[in-house]
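Undergrad: model the structure of this input:
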Amino acid sequence: MYIVKVKKIGWVLGSIALLLLFAFTSAMTQRAAGYAGLSFAQAYPPASATDIVDMRTFKTDGTNRVVPGTTITYTIVITNAGTVTVNDLFLQEFPSDYVTPIDPAWKEIVPSLWWEYPASPPGLTLSPNETVTVTFTIELASDAPYGSELRNNVQFTEDPDGEISPENNRYTDTDIVVPGFNFTYLPLVTKAYAP
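TA: Numbers count the residues shown, from 1 in each chain. Okay, the predicted model is just below:
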């Protein structure tokens, strides 16, 4: 009698495990096909499995060390890796302390905290597989403490509707503030003494 109950419990647990496995593989198959699941900004399912919204950003200043009192230009690359055109995109930039943005293509939204590109509407429009490169130029204060981190974050003001990988929509470039050296070369003067 106990053996029959154990077999029934084992059969029930095995059935539950198979159902969970089926649900997991079904969800992963749907994600790979472009059905990213529900989010606050997207309709489910997309209009078609081929309508994929996938924006990506990358940002670099080409170094990981910066010197106080210098001008730094970041290159920001925005790519539409999806299959649909994305309209009215704006970038947000959150510069670090000791930084003054000096790029006229960007608009200051919150003083010393938040900048936006482009400076005025309309926003960017990217067709499928299109890439746009933008620059963001700043001045690092001459009193920036050595050893401090200079972290500059860029992201879209709002993720596009239906975005399948929003984690690709933001990027942070981190540098360390290091001392700069201005070497002064003095001529070597030797004096000959009489023997």
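Undergrad: what about residue 74, distance to residue 128?
TA: For residue 74, the distance to residue 128 (C-beta to C-beta, to the nearest Å) stands at 26 Å. C-betas here are computed from N, CA, C, even on glycine.
Undergrad: residue boundaries of the helices in this protein?
TA: 2-32 (DSSP state H).
Undergrad: which residues does the closest residue to residue 63 other than its chain neighbours form a beta bridge with?
TA: When the adjacent residues along the chain are set aside, residue 63 lies closest to residue 175, with 6.5 Å between them (C-beta to C-beta, 6 or more residues apart in numbering). Under DSSP bridges, the beta-bridge partners of residue 175 are residue 150.
Undergrad: re earlier: between residue 74 and residue 128, tell me which one has more neighbours.
TA: residue 74 (20 against 14; other C-beta atoms under 10 Å).
Undergrad: isn't the residue nearest to residue 63 right up against residue 150?
TA: Yes. Judged on C-beta atoms under 8 Å, residue 175 makes contact with residue 150 at a distance of 4.4 Å.
Undergrad: higher neighbour count, the two?
TA: When residue 175 is set against residue 150 and neighbours are counted by other C-beta under 10 Å, the residue ahead is residue 150, at 22 against 19.
Undergrad: how near is that one to residue 109?
TA: Residue 150 sits at a distance of 20 Å from residue 109 (criterion: C-beta to C-beta).
Undergrad: could you do residue 87 as well?
TA: Counting by C-beta to C-beta, the gap from residue 87 to residue 109 is 21 Å.
Undergrad: one more: residue 134?
TA: Distance check for residue 134 against residue 109: by C-beta to C-beta, it reads 16 Å.
Undergrad: please apply the same query to residue 142.
TA: Counting by C-beta to C-beta, the separation of residue 142 from residue 109 is 26 Å.
Undergrad: what's the answer for residue 67, then?
TA: The span separating residue 67 from residue 109 equals 28 Å under the rule C-beta to C-beta.
Undergrad: who has more neighbours out of the two?
TA: When residue 67 and residue 109 are compared on other C-beta under 10 Å, the one with more neighbours turns out to be residue 67, at 17 against 13.
Undergrad: got a list of what the residue nearest to the more buried one when sequence neighbours are not counted touches?
TA: Spatial nearest neighbour of residue 67, excluding adjacent residues (C-beta to C-beta, 6+ apart): residue 180 at 3.7 Å. Taking C-beta atoms under 8 Å, 6 or more residues apart in numbering as the criterion, residue 180 is in contact with 67, 68, 69, 70.
Undergrad: okay, now the second one: neighbour count?
TA: Translated: residue 68. 18.
Undergrad: report the contact partners of residue 59.
TA: Neighbour list for residue 59: 74, 75, 76, 77, 152, 154, 171, 172, 173 [criterion: C-beta under 8 Å, 6+ apart].
Undergrad: that one and residue 174: what is the separation?
TA: In terms of C-beta to C-beta, residue 59 sits 10 Å off from residue 174.
Undergrad: if we can go back for a sec, so which of the contacts of residue 59 belong to strands?
TA: Among those, the subset assigned to strands under DSSP state E consists of 74, 75, 76, 77, 152, 154, 171, 172, 173.
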